[in-house]
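Visitor: I need the structure of the sequence given here:
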Amino acid sequence: MVYDFQKITIDNEDLLSEFMNKHTTCVDLYGEKRLERVSYFYQKIFETLSASFKEEDILEQFEALTKYKISLEIPYGILVNELYGLKSIVISHIIQHKLKIDIIQTLRLFKNITNAIAHLYLIEYLNRLISLNNVRRSSLSDLSEKNLIIHYESHLVWLSNLAEHIKTNSKSKFPELDHTLCTFGKWLHGDGKKTIQNNSKYKNLQDIHEKLHQFAKKIYDIVEYGEYTILITYLEKCEMISLSIGTELALLDQVLINKKISKDYLTGSFNRQSLKGLFENQYDLALATNNHFVLAMCDLDYFKTVNDTYGHVAGDYLLKLFVQIVQKNIRNSDMIIRYGGEEFIIMLPTINKKNGYKVLNNIREEFEQTALEFEGAQIKATVSMGMMEVKPEHLYNHNYLDEYVMIVDKNLYIAKESGRNRIEVY
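Guide: Next up is the predicted model:
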């Protein structure tokens, strides 16, 4: 079909300027140079709209723009919102100038453009998801200790299988839709019920797993009809819920691991010999479940002065007090490791920088406000910290622990040099 929007786009440059100002304002995502490139693509689109054109002509222009945005990892929703903005400009001009252009056909054109964009994004998303799941499975295979998390692998396989069926628009041999009959579901409703002692955790796993299969059923119902936008939405839900299952199992696993780790005889924290294994395990779990974790190095301020003034026994009690305050403020899945002397490392799984900072700051404030009573004296001390958020993107490298410890140690040094009793964030 041939479209003719010449009367709409008679002021082509003004329309392009209006569109770019109103609907492509995500400079933080694009950056100025990339925004110039985006503007170039839309200039070509407006040139196509300025003459008689066939649907395949405008689709070709949007396909080029879409591929560019995919290369920049710009979210699907950003491009769709821009398209809605363009559609609103075109429709408003038709109505405002009472042009003899079929609005129904115009809306159908934009629907076809949206679907073409969604299809390109969907194929890219499916390929990326399958590739990521392979990496996630590899990270699970690298775990030195596998407890409950091993059952997460079966749902990574299930999710990749679901993605393959969406790619081929096929219902044949579709992944198991009954949440009680998939491999993970059989374990969860069987041995998993006996293994997971925390009833609220178990109930939460049941609920999110059932919800995952509900979205899979919705995908099954529409997979053959080319509803690409809806498929993207449902698949995103499936991936998000699948990662939630992995996160829950990873936290439960970390609690089991923590119970087995040798403790520092003085403070009750984990000892330094456990650091390497704990860090590697946490890195692999975070990669497998697409999570962040926080790593922090802590050092008690002027600790030598405490030892010199009150004696080493008082210093020992102060170390114990600090560990007790840390343990009070962290979860069973979190870790505090005595790195040496008055230095400690804290690891907080499945948490981002902002929330990790809150946890560490609560520890810092409580330690500052708590006095150690020792032989009639009240000893008060402070702690300095260097922290960073770790977001694994690659399989574990044996150098990573040293690299990350160097970063938080450097930040700790900056905290000390900047006045102590503070947290320096990387």
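Visitor: A strand includes Leu295, no?
Guide: Yes. Under the criterion used here (DSSP: H, G, I helix; E, B strand; the rest coil), Leu295 sits inside a strand.
Visitor: now do the contacts for it.
Guide: Taking CB atoms under 8 Å, 6 or more residues apart in numbering, we find Leu295 in contact with 279, 345-347, 387-388, 390, 404-405, 408. Every residue, glycine included, has its C-beta placed from N, CA and C.
Visitor: which residues does it bridge with?
Guide: Met347, Met388 (DSSP bridges).
Visitor: ok, now how distant is it from Gln214?
Guide: 37 Å (CB to CB, to the nearest Å).
Visitor: tell me the domain ranges of the chain?
Guide: As given by automatic domain parsing, the domain ranges for the chain are 2-123, 143-256, 262-425.
Visitor: what's the spacing between the residue sitting furthest away from the middle of the chain and Ala314?
Guide: Relative to the mean C-alpha coordinate of the chain, counting by CA atoms, centre = their mean, the farthest residue is Gly376 (50.3 Å). As judged by CB to CB, Gly376 and Ala314 stand 11 Å apart.
Visitor: same deal with Ser71?
Guide: Distance of Ser71 to Ala314, computed by CB to CB: 61 Å.
Visitor: same deal with Tyr283?
Guide: Counting by CB to CB, the separation of Tyr283 from Ala314 is 37 Å.
Visitor: how about Leu35?
Guide: Using CB to CB, Leu35 is found at 61 Å from Ala314.
Visitor: next one: Asp221
Guide: Counting by CB to CB - Asp221 and Ala314 are separated by 69 Å.
Visitor: of these two, who's got more company?
Guide: Ranked by neighbour count (other CB atoms under 10 Å), Asp221 and Ala314 place Ala314 first, with 17 against 13.
Visitor: is it true that that one touches Asn307?
Guide: Yes. At 7.4 Å, Ala314 counts as touching Asn307 under the criterion of CB atoms under 8 Å.
Visitor: name the nearest residue to Gly185, ignoring sequence neighbours.
Guide: The shortest distance from Gly185 to any non-neighbouring residue, by CB to CB, 6 or more residues apart in numbering, is to His179 (4.9 Å).
Visitor: tally of neighbours for that neighbour?
Guide: If we define neighbours as other CB under 10 Å, then His179 has 19 of them.
Visitor: which residues does it contact?
Guide: 185, 209-210, 212-213.
Visitor: how about Asp57?
Guide: With contacts defined as CB under 8 Å, 6+ apart, the neighbours of Asp57 are Thr48.
Visitor: for stretch 168-180, buried residues please.
Guide: For stretch 168-180, burial by neighbour count (16 or more other CB atoms under 10 Å) applies to 175-176, 179.
Visitor: that stretch: end-to-end distance?
Guide: 26 Å (CA to CA, to the nearest Å).
Visitor: what's the mean pLDDT across it?
Guide: Average pLDDT, stretch 168-180: 94.
Visitor: over to stretch 96-109?
Guide: 83.
Visitor: would you mark the buried spots in that stretch?
Guide: Quick answer for stretch 96-109 (16+ other CB under 10 Å): 101, 106, 109.
Visitor: okay if I get these as JSON lines plus secondary structure and distance to Arg136?
Guide: Shown next, in JSON lines, are the buried residues of stretch 96-109 (DSSP: H, G, I helix; E, B strand; the rest coil; distance: CB to CB, whole Å):
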{"residue": "Ile101", "secondary structure": "coil", "distance to Arg136": "50"}
{"residue": "Thr106", "secondary structure": "helix", "distance to Arg136": "44"}
{"residue": "Leu109", "secondary structure": "helix", "distance to Arg136": "40"}
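Visitor: among these, which one lies nearest to Leu79?
Guide: Leu79 has its nearest neighbour among the buried residues of stretch 96-109 in Leu109, at 16.5 Å by CB to CB.
Visitor: burial measure for the closest residue to Ile117 other than its chain neighbours, as a count.
Guide: Take Ile117 and drop its neighbours on the chain: the residue closest to it by CB to CB, 6+ apart is Thr66, 5.0 Å away. Around Thr66 there are 24 other residues, counting by other CB under 10 Å.
Visitor: part of a strand, is Thr66?
Guide: No. Going by three-state DSSP, the assignment for Thr66 is helix, not a strand.
Visitor: change the start of the numbering to 899 and stick with it
Guide: Sure, I'll start numbering at 899, so the last one becomes Thr964.
Visitor: what sits against it?
Guide: For Thr964, the contact set (CB under 8 Å, 6+ apart) comprises 977, 1014-1015, 1018-1019.
Visitor: roughly how far apart are Ile993 and His1077?
Guide: 49 Å.
Visitor: low-confidence ranges, this structure, go.
Guide: 904-911, 923-928 (pLDDT under 70).
Visitor: mind listing the helices for the stretch 899-1048 of the chain?
Guide: 910-921, 925-928, 930-947, 953-969, 974-994, 1001-1039 (DSSP state H, counting those that start in this stretch).
Visitor: what angle do helix 930-947 and the longest one make with each other?
Guide: Note on geometry: by axes from the mean of the first three to the mean of the last three CA atoms, to 10 degrees, helix 1001-1039 and helix 930-947 are set 150 degrees apart in direction.
Visitor: next, the angle from helix 1001-1039 to helix 953-969.
Guide: Here the directions of helix 1001-1039 and helix 953-969 differ by 30 degrees (the same axes, to 10 degrees).
Visitor: any idea of the angle the helix or strand just after helix 1001-1039 forms with helix 1001-1039?
Guide: The first helix or strand that comes after helix 1001-1039 along the chain, using DSSP states H and E, is helix 1050-1065. Taking the same axes, to 10 degrees, one finds helix 1050-1065 and helix 1001-1039 inclined to each other by 150 degrees.
Visitor: contacts for the helix or strand just after helix 1050-1065 next, please.
Guide: Using DSSP H and E, the next helix or strand after helix 1050-1065 towards the C-terminus is helix 1081-1086. Contacts to helix 1081-1086, defined as CB under 8 Å, 6+ apart, come from residues 1049-1050, 1052-1053, 1055-1056, 1074, 1076-1078, 1103-1104, 1107, 1111, 1143.
Visitor: in ChimeraX, select just the buried ones from these.
Guide: In ChimeraX, this line selects whichever of the contacts of helix 1081-1086 come out buried by 16+ other CB under 10 Å:
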select :1049,1050,1053,1056,1074,1077,1103,1104,1107,1111,1143
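Visitor: which pair of the contacts of helix 1081-1086 spans the longest distance?
Guide: For the contacts of helix 1081-1086, the maximum inter-member distance is 20.2 Å, found between Val1055 and Gln1104 (CB to CB).
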